[in-house]
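Peer 1: Below: sequence and its predicted model.
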Amino acid sequence: MEYERCPICGSPSLINEYSHDIISIYKVNCLRCGKYEINEEVIEFEIDNDKLSPEQIANVSGWIRENQDIIIDNEKLKSKMILKTLSVAEKADKILKYLAKQFPVAGTNIDYDFNKVKDVLSIIQNQSFPESQNDPFMIMFNKNAPNLLPLISVGRIIDAREFNFIREDYLINEKKYISKEQKITPAGWAYLESLRQANPESKNAFVAMWFTPMMEKIYDNFIKKAIIKAGYKPIQIGRKQHNNDINDEIIGEIRSSKFIVADFTGNRGGVYYEAGFAYGLKIEVIYTCKKDWWDKVIKKRVKAELKNKTIEFVKIKEERKVHFDLNHKSFILWKNGDELYKQLLDKINSTIT
């Protein structure tokens, strides 16, 4: 079994090539990133570990590890290269959750040799893999890398110094979520319970929106396509066949989604309800709204029945304004579908992990 270097992070990987039309596709199984596919154009023109910063390598590798079997093209790689670097607390949370998944029985010792993190990363970063499998450094690497590298990836760790700080100074000494004997403490288990995110493995994305011909076109041509491009399955209740009560169906779909897109164009009460319901379940909500409906008063001529029962056109002022309870949220404000597509795709890629 001959290992090659991962195009993303440089770690040992098994790589198999196959052709798709005229482009070669590589199936990669990396000790750090896990399984993904990448085409030769990305490798030739986009991937260069001398150009990717350590932060970008950590972020892209971590995202791949959390989204296994993903297909990486130029556009997807570029979007992942601008992922925000997580805070110390966010990285610590990911490490703690990963360790809890690997050692789910309370009181179990975490039998990873964390003292070898520096040596494992040093071999990869210096590209200094010994040729002989009997070399002491290679024996150490083969024993520890399969355990340590996935943890490094999930935590989006940049180097050994950062890892040691998060594990020792933060998780053990400061938070006391891990004991010095390498067990998750009662405080750590209690904290993990408080972090439970709804549906972390789900690929569904519920869309709450105004059902008009104009918005249906926006959904079909832009919202739906952005969600699919990001690797998720859009759920729009108006398109689903069912025999259940509509409200039960909506609640069920939201409960099973990883995130929802709530578009407030039209200021529909149902969208407010669905966004609030998802937020209460700790499901990520992406807020969008057409600029004409964000905060604007327009004059309209509408038909009205007067007191004398006659029908006439009258002028009214229509207030289009997102309620103050939500207008402090980070909204995607869009003028047209192309603008919505780009911003929504970027938002999904940068915030949904």
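Peer 2: Yep, it's here.
Peer 1: Now stretch 306-320: buried residues?
Peer 2: For stretch 306-320, a neighbour-count test (16 or more other CB atoms under 10 Å) marks residue 320 as buried. The C-beta positions use only the backbone N, C-alpha and C, and glycine is treated the same way.
Peer 1: ok now that stretch, how far from the chain's centre?
Peer 2: Chain-centre distance of stretch 306-320: 48 Å, with CA atoms, centre = their mean, to the nearest Å.
Peer 1: I'd like the average pLDDT over that stretch.
Peer 2: Mean per-residue pLDDT for stretch 306-320: 75.
Peer 1: Could you pull out the helices in the stretch 1-150 of the chain for me?
Peer 2: With DSSP state H, counting those that start in this stretch as the criterion, the stretch 1-150 of the chain has helices at 40-45, 54-66, 74-81, 88-102, 117-125, 136-154.
Peer 1: Among the ones you listed, single out whichever gets nearest to residue 178.
Peer 2: Proximity to residue 178, assessed across the helices of the stretch 1-150 of the chain by CB to CB, is greatest for helix 88-102 (7.4 Å).
Peer 1: List the buried residues in the closest one.
Peer 2: In terms of neighbour count (16+ other CB under 10 Å), helix 88-102 has its buried residues at 91, 92, 93, 94, 95, 96, 97, 98, 99, 100.
Peer 1: Show me the one of the helices of the stretch 1-150 of the chain that comes nearest residue 28.
Peer 2: Closest to residue 28 of the helices of the stretch 1-150 of the chain, according to CB to CB: helix 54-66, at 9.0 Å.
Peer 1: and that closest one, what other elements does it pack with?
Peer 2: strand 34-39, helix 74-81, helix 136-154 (3 or more CB pairs under 8 Å, 6 or more residues apart in numbering; DSSP states H and E).
Peer 1: how about these in a markdown table, adding mean neighbour count, mean pLDDT and distance to residue 293?
Peer 2: Putting the helices and strands packed on helix 54-66 into a markdown table (neighbours: other CB atoms under 10 Å; pLDDT from 0 to 100; distance: least, CB to CB, whole Å) gives the following:
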| stretch | mean neighbour count | mean pLDDT | distance to residue 293 |
| --- | --- | --- | --- |
| strand 34-39 | 20 | 92 | 39 |
| helix 74-81 | 16 | 80 | 27 |
| helix 136-154 | 19 | 93 | 40 |
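Peer 1: mind putting the ones you listed in JSON lines, distance to residue 179 included?
Peer 2: Shown next, in JSON lines, are the helices and strands packed on helix 54-66 (distance: least, CB to CB, whole Å):
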{"stretch": "strand 34-39", "distance to residue 179": "29"}
{"stretch": "helix 74-81", "distance to residue 179": "35"}
{"stretch": "helix 136-154", "distance to residue 179": "18"}
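Peer 1: what's the closest of these to residue 10?
Peer 2: Nearest to residue 10 among the helices and strands packed on helix 54-66 is helix 136-154; the distance by CB to CB comes to 11.0 Å.
Peer 1: how much does that closest one deviate in direction from helix 54-66?
Peer 2: 80 degrees (axes from the mean of the first three to the mean of the last three CA atoms, to 10 degrees).
Peer 1: Now do helix 136-154: which elements does it pack against?
Peer 2: If contacts are counted by 3+ CB pairs under 8 Å, 6+ apart, helix 136-154 sits against helix 54-66, helix 88-102, helix 117-125.
Peer 1: for the ones you listed, which one sits closest to residue 221?
Peer 2: Residue 221 lies closest to helix 54-66 among the helices and strands packed on helix 136-154, at 26.8 Å (CB to CB).
Peer 1: Need the residues that contact that closest one.
Peer 2: Counting contacts by CB atoms under 8 Å, 6 or more residues apart in numbering, the residues outside helix 54-66 that touch it are 8-10, 32-34, 36, 49, 52, 70, 72, 77, 80-81, 83-86, 94, 150, 153-159, 353.
Peer 1: 6 Å instead?
Peer 2: Residues outside helix 54-66 that contact it (CB atoms under 6 Å, 6 or more residues apart in numbering) are 8-9, 32-34, 36, 80-81, 83, 85, 153-154, 156, 158, 353.
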